[in-house]
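Asker: Provided below are the primary sequence and the corresponding predicted coordinates.
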Amino acid sequence: MHILKSLFLLLILLPSIASAQDMILFNGGIGAGERESAPEAGTRLVFFVESGSYLSDVSVTVENMSGEELVNTRTNGPWLILDLPAGEYQIRAEVDQDRAQGGVIVVNEGESQEFAYRFADQ
């Protein structure tokens, strides 16, 4: 009986786990050609260093205001474009232990938005 309850709970949670990474519309942007192919819609997170160079391999987590983790990924380039519904989200972006940023973003209904994260040069 305990196994059946566990299996039932897993089946209920599975769609929310699987759909979390579905919020990623684009993860990349190395090179102008790749950035040109990125979708226009969505919430774009852009990562760069103070000297102006783009930055990749950033660890990013996105949580709703209830603390539910929606996205947990490493970037393949300087752009991470997400399909987030309107609302407030806690973002944490980390290059390494000494270079991390976080904060709340507000996503507006039907708007493409961009949030830039600038890190110290190494």
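Answerer: Great, that's in hand.

Asker: hey, let's count contacts and neighbours off CA atoms from now on
Answerer: OK.

Asker: hey, where'd the strands end up in the chain?
Answerer: Counting by DSSP state E, residue ranges of the strands within the chain are 24-28, 43-49, 59-64, 69-74, 79-82, 87-96, 99-107, 113-119.

Asker: out of the ones you listed, which comes closest to S37?
Answerer: The closest of the strands of the chain to S37 is strand 24-28. By C-alpha to C-alpha, the value is 9.5 Å.

Asker: Pretty sure Q101 sits against R92.
Answerer: Yes: counting by C-alpha atoms under 8 Å, R92 is a contact partner of Q101 at 5.8 Å.

Asker: what sits opposite the nearest residue to Q101 once chain neighbours are set aside in the beta ladder?
Answerer: Distances taken as C-alpha to C-alpha, 6 or more residues apart in numbering place A93 nearest to Q101, at 5.3 Å, with adjacent residues excluded. Beta-bridge partners recorded for A93 (DSSP bridges): V60, Q101.
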